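Trainee: Return atomic coordinates for the entry below.
(one chain, ligands or ions: 2)
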Amino acid sequence: PNRLIIAPSLLAADFARLGEETRAVEAAGADWLHLDIMDGHFVPNITFGPLVVKALRKHTAMPMDVHLMIAPVDPYIAAFAEAGADNISVHPESGPHLHRTLQLIRSLGKKAGVVLNPATPVDAIAHVMDLIDIIMVMTVNPGFGGQAFIASQLSKIATLRQMIDDTGRDIILQIDGGITPATAPKVLEAGADCLIAGTAVFGAPDYAQAISALRAARPR
Ligand code: DX5
Ligand code: ZN
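Mentor: Residues are numbered from 1 along each chain as shown. Ligands and ions are numbered 1, 2, ... in the order given. Just a heads-up that it's a prediction; the model follows:
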């Protein structure tokens, strides 16, 4: 891994001020903006869609890291690509043909990601590694911010680090859910490249200090 990527999740931001919140975390030193798309069907919560992603595109130069928690997912990939997403990540459970979905994302010129739920085995991606640019490990069940970190995922993170290293490619390993200055060192030790954090950033009084605290978790 090269540098540590910090990706604040807008899920914990003030939804009445999304443009300002986006600019604020960029000014505070964030690397990527993480956008959680929920449909009330694949996960038990509803957030926002491509129109909001498109509106936010004008407010930031940060790569937009779009996490799709919707099913079926294929019919909406093009809309998120056109809205300005840079990375599009999908759950293997959100469509019948993960290989086809990843091909679709790549065909639109976007980085293709796969998200593993806490109960989803690493085997789900073993045969599509060549189509993957990003792997996201959920350390909470998807749907809500502010949940407790599920420590049983640490061994999965370490396994995925090895799988990535075996490819010799620069696949980014992201961790999503319950990331704080207390849990970050554990996932970094297990081999993560990118920390996604909602509550730990947007719930803090000082975003720059919150981002620095996550960055400081990296062993030198
Ligand atoms: C949950 C989302 C996460 C969420 C994390 O479904 O994928 O991105 O925002 O929130 P925290 O950091 O509060 O656990
Ligand atoms: Zn997410």
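Trainee: tell me which parts of this protein are close to ligand 2?
Mentor: Within the chain, the positions lying close to ligand 2 (Cβ under 5 Å from the ion) are 36, 67, 176. The way it works is simple: take the backbone N, C-alpha and C, and place the C-beta from them, glycine included.
Trainee: Turn those residues into a markdown table, columns for pLDDT, distance to ligand 1 and secondary structure.
Mentor: Putting the residues of the chain next to ligand 2 into a markdown table (pLDDT from 0 to 100; distance: Cβ to the nearest ligand atom, whole Å; DSSP: H, G, I helix; E, B strand; the rest coil) gives the following:
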| residue | pLDDT | distance to ligand 1 | secondary structure |
| --- | --- | --- | --- |
| 36 | 99 | 5 | strand |
| 67 | 99 | 5 | strand |
| 176 | 99 | 5 | strand |
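Trainee: Could you pick out the buried ones from the residues you listed?
Mentor: Among the residues of the chain next to ligand 2, those scoring as buried are 36, 67, 176 (criterion: 16 or more other Cβ atoms under 10 Å).
Trainee: With distance to residue 189 as extra columns, can I get those in a markdown table?
Mentor: Output for these, formatted as a markdown table (distance: Cβ to Cβ, whole Å):
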| residue | distance to residue 189 |
| --- | --- |
| 36 | 26 |
| 67 | 24 |
| 176 | 17 |
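Trainee: Out of the residues you listed, which comes closest to residue 194?
Mentor: Of all those, residue 194 sits closest to residue 176, with 9.0 Å by Cβ to Cβ.
Trainee: show me what contacts the closest residue to the closest one other than its chain neighbours?
Mentor: Spatial nearest neighbour of residue 176, chain neighbours left out: residue 196 (4.1 Å); criterion: Cβ to Cβ, 6 or more residues apart in numbering. If you count contacts by Cβ atoms under 8 Å, 6 or more residues apart in numbering, residue 196 has them with 7-9, 34, 65, 67, 136, 174-177, 179.
Trainee: most surrounded residue in those residues?
Mentor: Highest neighbour count within the contacts of residue 196: residue 8, with 32 neighbours (other Cβ atoms under 10 Å).
Trainee: can you confirm it is in a strand?
Mentor: Yes: counting by DSSP: H, G, I helix; E, B strand; the rest coil, residue 8 falls inside a strand.
Trainee: Distance of it relative to residue 147?
Mentor: The gap separating residue 8 from residue 147 is 17 Å, by Cβ to Cβ, to the nearest Å.
Trainee: same check, this time on residue 64
Mentor: On the measure of Cβ to Cβ, residue 64 and residue 147 end up 23 Å apart.
Trainee: ok, now residue 3?
Mentor: 27 Å.
Trainee: More neighbours: which of these two?
Mentor: When residue 3 and residue 147 are compared for neighbours, residue 147 comes out ahead with 15 against 10, by other Cβ under 10 Å.
Trainee: Contacts only, for that one.
Mentor: Applying Cβ under 8 Å, 6+ apart to residue 147 gives the contacts 140-141, 177-178.
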